[in-house]
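S.K.: make a model of this:
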Amino acid sequence: MADIVRVQYVGVTDLGESATGEVTFPSPVTAGNLLVIAVSIYVNLGTGHDFVVSDNQGNTWEELVDTNYDGNDVGGMAFVRNCNGGSTTITVTPGASSWYTICAVEISGIDPDDPLDQYNSNDSSGSTWDSGNITTTENDTYLFGFLALDNGNRTLTEDGAFTLIYEVQNGNQYMPISVGERIVSSTLTESYSGAISASSQYLAGIAAFKAAAGGTTHEDSLSLAKAIKKASEGISSR
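M.R.: Below you'll find the predicted structure:
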């Protein structure tokens, strides 16, 4: 299987109230990679609205989670398979004037044709969060987890299995978010979970994406290097 690598990410908050929220990757994305986005939105017209994700490269965004979990609060995640390359600006449109926190990642080494393995989400309240479990069906997968939180100054503590990509905690001014990742080489049952310093309404989600066929893993590369070294030593000793 191909190596799975996070190429880059971008996270923004404090966008101000506007009809759309935008993020731009710091470097041009590479054609064929996976793009994933997580959003935490406060919609200014009472009940939250569904959001739509688009970009300037003509990619098709597939929404996995789009949930109005607490009055004005909306959260979710979406992805692009086999993306178009180039400088990429992503636009989130909830259909009403809103405040936004957004995180987007670019991942290489993912199956370009059929990337999604499993996903789940959970909206609840409490001083801990949990996305609900997924059980992967492929050995090599990229796990993407997110938490969207109602506004309030909270300290977030992610469980240790995931690597934190982006976090905003100061909900007195912005919409809080936590985004993490985990790259695994065997099937497992997993969720995205953690602790919140005070009881809060939340939405949490997790998705697993499958590695592309072909390429080499780090273990394969190491074995190949050892074989080449051994062969060269045999030639030089003759």
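
S.K.: ok, now which ones touch the residue lying closest to residue 73 once chain neighbours are set aside?
M.R.: Nearest non-adjacent residue to residue 73, counting by CB to CB, 6 or more residues apart in numbering: residue 150, 5.0 Å away. (Each C-beta comes from the backbone N, C-alpha and C, glycine too.) By CB atoms under 8 Å, 6 or more residues apart in numbering, residue 150 lies in contact with 70, 73, 171, 176, 200-202.

S.K.: rerun that using 10 Å as the cut-off
M.R.: By CB atoms under 10 Å, 6 or more residues apart in numbering, residue 150 lies in contact with 40, 42, 69-73, 75, 125, 171, 175-176, 200-203.

S.K.: ok, now residue 97?
M.R.: So residue 97 contacts 17-20, 42-45 (CB under 10 Å, 6+ apart).

S.K.: give me the buried subset of these.
M.R.: Neighbour-count burial (16 or more other CB atoms under 10 Å) applied to these gives 20, 42-44.

S.K.: run through this protein and note the low-pLDDT ranges.
M.R.: 1, 14-15, 45-49, 151, 171-173, 215-238 (pLDDT under 70).

S.K.: how about the helices in it?
M.R.: Assigned by DSSP state H, the helices in the chain fall at 218-236.

S.K.: so where's the longest strand in this protein?
M.R.: Identified as the longest strand of the chain according to DSSP state E is strand 193-210.

S.K.: buried set for it?
M.R.: 193-194, 196, 200-210.

S.K.: quick one: the residue most central in space within the chain and residue 52, what's the gap?
M.R.: Residue closest to the average C-alpha location in the chain (CA atoms, centre = their mean): residue 144, at 4.3 Å. Residue 144 sits 20 Å away from residue 52, going by CB to CB, to the nearest Å.

S.K.: and residue 135, by the same measure?
M.R.: 30 Å.

S.K.: now swap in residue 105 and tell me
M.R.: Taking CB to CB, one finds residue 105 at 19 Å from residue 52.

S.K.: same deal with residue 145?
M.R.: Per CB to CB, residue 145 is found 23 Å from residue 52.

S.K.: so the two - more neighbours on which side?
M.R.: Higher neighbour count among residue 145 and residue 52: residue 145, with 30 against 15, using other CB atoms under 10 Å.

S.K.: what's the burial count for the nearest residue to the more buried one once chain neighbours are set aside?
M.R.: Counting by CB to CB, 6+ apart, residue 145 lies nearest to residue 192, which is 2.7 Å off, once chain neighbours are set aside. Residue 192: 31 surrounding residues under other CB under 10 Å.

S.K.: please name the residues that touch residue 192.
M.R.: Residue 192 neighbours (CB under 10 Å, 6+ apart): 120-122, 129-134, 143-147, 158-159, 161-162, 178-182, 204-207.

S.K.: and the nearest residue to residue 38 once chain neighbours are set aside, what does it touch?
M.R.: Counting by CB to CB, 6+ apart, residue 146 is the residue found nearest to residue 38 once chain neighbours are left out, at 3.7 Å. Residues near residue 146 by CB under 10 Å, 6+ apart: 36-40, 65, 75-77, 103, 121, 131, 165-166, 177-180, 192, 203-207.

S.K.: same question, residue 82
M.R.: By CB under 10 Å, 6+ apart, the residues touching residue 82 are 31-35, 59-60, 110-115.
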